[in-house]
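**Student:** Any chance you could fold what I've pasted below:
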Amino acid sequence: MGNTALRDGALTTNAEVSSTADPTPRPESNWQLRLRSGAVVLDLNPRVFVASSLLIALFVILGLVYRTRFAADVDALQTWIADRTGWLLVLTVNAVLVYLLFLLVSRFGAIRIGGPNARPEFSRPTWIAMLFSAGMGIGLLYYGVAEPIYHLANRPLGAAAGSVAAYRDASKLTFLHWGLHAWGVYTLAGLALGYAAYSRGEALSIRSVFVPLFGRHTRGWPGHIIDILATVATLFGVATSLGLGVLQINAGLGRLFGAPVTLTVQVAVITIITAIATMSVVLGLDKGIKRLSVVNMWLAFALLALVFAIGPSLFILNGFVQNVGAYLGSLVELSFWTETYTSGDWQNRWTVFYWAWWISWSPFVGLFLARVSVGRTIRDFIGGALLTASLLTFVWLAVFGNAALFIELAGPGGLMTAVQTNLDSSLFVFFDLLPSANGIPVPDWLILAISTLTIVTIVSFFVTSSDSGSLVIDIITAGGHPDPPLAQRVYWATAEGVVAAVLLAGGGLAALQTAAISAGLPFAIVILLMIVCLHRMLREDPSLAT
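**Tutor:** Numbering: from 1, shown residues only. Okay, the predicted model is just below:
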């Protein structure tokens, strides 16, 4: 998840960020270690950088040395974490959502990020497009078709096979995983980071949010630990997305061009695309990355428009309305459902994975949201980042998901079997089946073009996510430095690719899910503390006294 481009201290996406924004204060100099060797410059927090690097290196070494038993070990770890702490992740995302809804209607909603005199840099349509692009990426391409069909086949809520309830449940569960709770985690992180940095003059770093709780100790190990957790969570969250993208790219190349679906091909794809992202950092292709980000958005909406046009358009429109109603009607029950009275592990593999994945992405997306939302009121920020972005996500899921469900309900079928057989290739099977499902004659070359366009889109998301993710991690490990040296971004871009390759080598999709859950669990505690700290900061806002 995530399509943002953060370059040279500015964050850009499908609209260019203005250079007139108030600069984020530089971090304290005693956080920094500056070294120069020829053309290489390091500017970092040594404790956070070294500790995070060692933890990640330890994981990579263990994954390579114990590769033969790695898959079994990560599967056991995922089961253990999900079984024993899934309830905590469920409570965390619900606490975040409840708190944001409280802020939306409370007196705090009138507080302006950046102070009472700050004004937004972007028009509302541009800003909304930027928010949506932050959560639009590899994840939706991977799961937009596969997830509702998977739930239709497994029927975790107990509906009868082929029943209306089974189709309805498949849609509302998909909406649950990609809707208000996902955007709620991002919104909280963005709001807390934005308020701390732009309203209180703190460094643009995760630890800055916790000044109300730890005071001067945020300069010491309590702050270091928070930034280490944020670094590891972000890296594994980005690596999970990259891994999903590689699996889908390999499946598409195999289906379209006969490329073998093997680990060798997947590692080669990771290597090539990571090299492209790394070169973009080294060469400073700022305008190139900005243009690529714009292309990402256009490619994504081109796919959306093609599926809507070729697919069952009226069914999609009707389904969108009904799906939103079904989701909202059962939101409370689904939000707190923990599969207590069943013996299955569906929720561990899906809901718990998603909550941990979104939490692990929250430093990345939150930092982006903070940067582009200066001048917005809290009420405006929540309305855009939580409500409007969720609605746009539902549009994407309705188009792809309902078109996929239509294939099983009224079309030729076969998509359910494809999803259960190979989740990675299900999107390309969907493109093959869609014309016959709707009875529209579509030439084979158009389907080939759509599938090729999908691969290009995934690659584009891969490059921008890797490049942007490496900069966010670099900012965190540099103690909040808004423009850390290029050498460090190269280091983290390489680390993301290596971790993604090790996860695929050690267990494929299961290993990717375990990485997200393992990284998201400890950061869930950080998210809960973030609510406390943000509320303390807001209560002290000077504008409330006037």
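**Student:** contacting residues around Ile440?
**Tutor:** Ile310 (C-beta atoms under 8 Å, 6 or more residues apart in numbering). (Glycine included, C-beta is placed from N, CA and C.)
**Student:** And what about it, helix, strand or coil?
**Tutor:** Three-state call for Ile440 (DSSP: H, G, I helix; E, B strand; the rest coil): coil.
**Student:** now swap in the one 5 residues further on and tell me
**Tutor:** Using three-state DSSP, the secondary structure recorded for Trp445 is helix.
**Student:** One more: Leu104?
**Tutor:** Looking at Leu104 with three-state DSSP, the answer is helix.
**Student:** Count the neighbours of it for me.
**Tutor:** 17 (other C-beta atoms under 10 Å).
**Student:** Please apply the same query to Ile128.
**Tutor:** When neighbours are counted by other C-beta under 10 Å, Ile128 comes out with 18.
**Student:** Okay, now the unreliable bits of the chain?
**Tutor:** Scanning the chain for pLDDT under 70 picks out the ranges 1-40, 67-68, 70-71, 74-75, 133-137, 280-294, 482, 507-510, 512-513, 546.
**Student:** Hmm, Ala505 is touching Gly63, no?
**Tutor:** Yes. Using C-beta atoms under 8 Å, Ala505 is in contact with Gly63, at 7.0 Å.
**Student:** Could you give the separation of the longest helix belonging to the chain from the chain centroid?
**Tutor:** Longest helix of the chain, by residue count under DSSP state H: helix 486-539. Helix 486-539 sits 10 Å away from the centroid of its parent chain (C-alpha atoms, centre = their mean, to the nearest Å).
**Student:** Next: stretch 336-348.
**Tutor:** For stretch 336-348, the distance to the chain centre is 24 Å (C-alpha atoms, centre = their mean).
**Student:** for the closest residue to Pro441 other than its chain neighbours, helix, strand, or coil?
**Tutor:** Distances taken as C-beta to C-beta, 6 or more residues apart in numbering put Pro435 closest to Pro441, at 7.1 Å, once the chain neighbours are dropped. Under the three-state scheme (three-state DSSP), Pro435 adopts helix.
**Student:** re earlier: between Ala505 and Gly63, tell me which one has more neighbours.
**Tutor:** Per other C-beta under 10 Å, whichever of Ala505 and Gly63 has more neighbours is Gly63, with 22 against 17.
**Student:** Do I have it right that the more buried one meets Leu504?
**Tutor:** No. Gly63 is beyond contact range of Leu504, at 10.0 Å (criterion: C-beta under 8 Å).
**Student:** rewinding a little: isn't the residue nearest to Pro441 up against Asp444?
**Tutor:** No. With contact defined as C-beta under 8 Å, Pro435 does not reach Asp444; the gap is 9.5 Å.
**Student:** Looking at the two, which one has more neighbours?
**Tutor:** Pro435 (18 against 9).
**Student:** quick one: the strands in the stretch 1-150 of the chain?
**Tutor:** All strands of the stretch 1-150 of the chain, identified by DSSP state E, counting those that start in this stretch, fall at 5-7, 10-12, 33-37, 40-44.
**Student:** so what's Leu131 closest to, chain neighbours aside?
**Tutor:** Going by C-beta to C-beta, 6+ apart, Leu131 has Ala389 as its nearest residue, at 4.8 Å.
**Student:** The one you found contacts Phe132, correct?
**Tutor:** Yes. Counting by C-beta under 8 Å, Ala389 does reach Phe132; the two are 5.4 Å apart.
**Student:** The nearest residue to Phe108 once chain neighbours are set aside: neighbour count?
**Tutor:** Nearest residue to Phe108, sequence neighbours excluded (C-beta to C-beta, 6+ apart): Leu538, at 4.9 Å. Neighbourhood size, Leu538 [other C-beta under 10 Å]: 21.
**Student:** any idea how far Ala110 is from Arg47?
**Tutor:** Distance, Ala110 to Arg47, using C-beta to C-beta, to the nearest Å: 39 Å.
**Student:** more crowded one of these two?
**Tutor:** A count of neighbours by other C-beta under 10 Å puts Arg47 above the other of Ala110 and Arg47, at 19 against 14.
**Student:** And that one, how far from Leu191?
**Tutor:** Applying C-beta to C-beta to Arg47 and Leu191 gives a distance of 27 Å.
**Student:** Quick check, Met537 in contact with Arg200.
**Tutor:** Yes. Taking contacts as C-beta under 8 Å, Met537 lies within contact range of Arg200: 6.5 Å.
**Student:** neighbour count winner among these two?
**Tutor:** More crowded of Met537 and Arg200, by other C-beta under 10 Å: Met537, with 19 against 16.
**Student:** Now for the more buried one: which residues touch it?
**Tutor:** Contacts of Met537 (C-beta under 8 Å, 6+ apart): 195-196, 199-200, 212.
**Student:** okay if I get those residues as CSV plus secondary structure and distance to Ser460?
**Tutor:** Output for the contacts of Met537, formatted as CSV (DSSP: H, G, I helix; E, B strand; the rest coil; distance: C-beta to C-beta, whole Å):
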residue, secondary structure, distance to Ser460
Tyr195, helix, 32
Ala196, helix, 32
Ser199, helix, 35
Arg200, coil, 36
Pro212, helix, 40
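**Student:** May I ask which two of the residues you listed are separated the most?
**Tutor:** Ser199 and Pro212 (12.6 Å; C-beta to C-beta).
**Student:** Looking at the two, which one has more neighbours?
**Tutor:** Neighbours were counted for Ser199 and for Pro212 using other C-beta under 10 Å; Ser199 has more, 21 against 18.
**Student:** how near is the more buried one to Phe430?
**Tutor:** Here the criterion is C-beta to C-beta. By it, Ser199 lies 46 Å from Phe430.
**Student:** cool, Val269 as well?
**Tutor:** Distance, Val269 to Phe430, by C-beta to C-beta: 21 Å.
**Student:** residue ranges of the helices in the stretch 351-500 of the chain, please?
**Tutor:** Using DSSP state H, counting those that start in this stretch, the helices of the stretch 351-500 of the chain run over 351-372, 378-382, 389-409, 415-421, 426-438, 444-477, 486-539.
**Student:** Deepest in the core, which of these is it.
**Tutor:** Highest mean neighbour count among the helices of the stretch 351-500 of the chain (mean count of other C-beta atoms under 10 Å): helix 351-372, with a mean of 29.
**Student:** now that one and helix 486-539, what's the angle there?
**Tutor:** Angle of helix 351-372 versus helix 486-539, following axes from the mean of the first three to the mean of the last three C-alpha atoms, to 10 degrees, is 90 degrees.
**Student:** Just give me the neighbour total for Arg69.
**Tutor:** By the criterion of other C-beta under 10 Å, Arg69 has 10 neighbours.
**Student:** So it versus Gly63, what's the distance?
**Tutor:** For Arg69, the distance to Gly63 equals 11 Å [C-beta to C-beta].
**Student:** again, but for Leu173
**Tutor:** 31 Å.
**Student:** And for Met279?
**Tutor:** Met279 is 26 Å from Gly63, by C-beta to C-beta.
**Student:** tell me the contacts of Trp358?
**Tutor:** Per C-beta under 8 Å, 6+ apart, neighbours of Trp358: 1, 93, 181-182, 185-186, 520.
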